[in-house]
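Colleague: Give me the fold of what follows.
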Amino acid sequence: MRKPATLFALIASTSIVLAHSGATGIVKERMEGMGSLSQSMKALVQMAKSDAVDPGKVGDIAREIQNHSGEAMTKRFPEEPQQMVSEAAPLIWQDWDKFVEISDDLFQSAVRLEAQAGSSELELNSFVKEMGATCSSCHKEFRIKK
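Modeller: Residues are numbered from 1 along each chain as shown. You can find the predicted model right below:
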């Protein structure tokens, strides 16, 4: 027989997966965009760790991040919070200006990363730290804790 904590964790994780699989419309688009950002950041981290920097791939990743940050991100958060399962905290709409600022910071970092992708002066680790801190600050403020 499973221990209660293990059973609870299994039920909770299954509920989260099922809730996310049922997302539709703008919430689903938002979740897919966040997933893309996550994959992009993971790819940058792997590249930085390996010291095998591929300038073309860095540029591609930077453009992908741009496609899901800044205005591309904020437009997926309509003025009225959606009554669907989401990890978006209601504080987003209460402190909209800060949310926009963080999203714009990520976009601007990605623009600078793209511009430096082919440069011999590219400091990928610095970009990974900067962008990671931006993502973390947004998650800390505006993402519902799991």
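Colleague: Let me see the contact set for the closest residue to Asn67 other than its chain neighbours.
Modeller: Nearest-residue entry for Asn67: Ser36, 7.5 Å, with adjacent residues in sequence omitted and distances by Cβ to Cβ, 6 or more residues apart in numbering. Heads up, the C-betas are built off the backbone N, CA and C, glycines and all. Listed by Cβ atoms under 8 Å, 6 or more residues apart in numbering, the contact set of Ser36 reads 64, 67-68.
Colleague: Listing request: residues of the protein with sub-threshold pLDDT.
Modeller: 1-21, 81-84 (pLDDT under 70).
Colleague: Tell me where it has helices.
Modeller: 4-21, 25-50, 55-67, 71-74, 91-94, 96-116, 124-142 (DSSP state H).
Colleague: Can you convert those into JSON lines and add a column each for distance to Glu80?
Modeller: Shown next, in JSON lines, are the helices of the chain (distance: least, Cβ to Cβ, whole Å):
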{"stretch": "helix 4-21", "distance to Glu80": "20"}
{"stretch": "helix 25-50", "distance to Glu80": "11"}
{"stretch": "helix 55-67", "distance to Glu80": "25"}
{"stretch": "helix 71-74", "distance to Glu80": "14"}
{"stretch": "helix 91-94", "distance to Glu80": "8"}
{"stretch": "helix 96-116", "distance to Glu80": "12"}
{"stretch": "helix 124-142", "distance to Glu80": "16"}
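Colleague: Perfect, that will be all.
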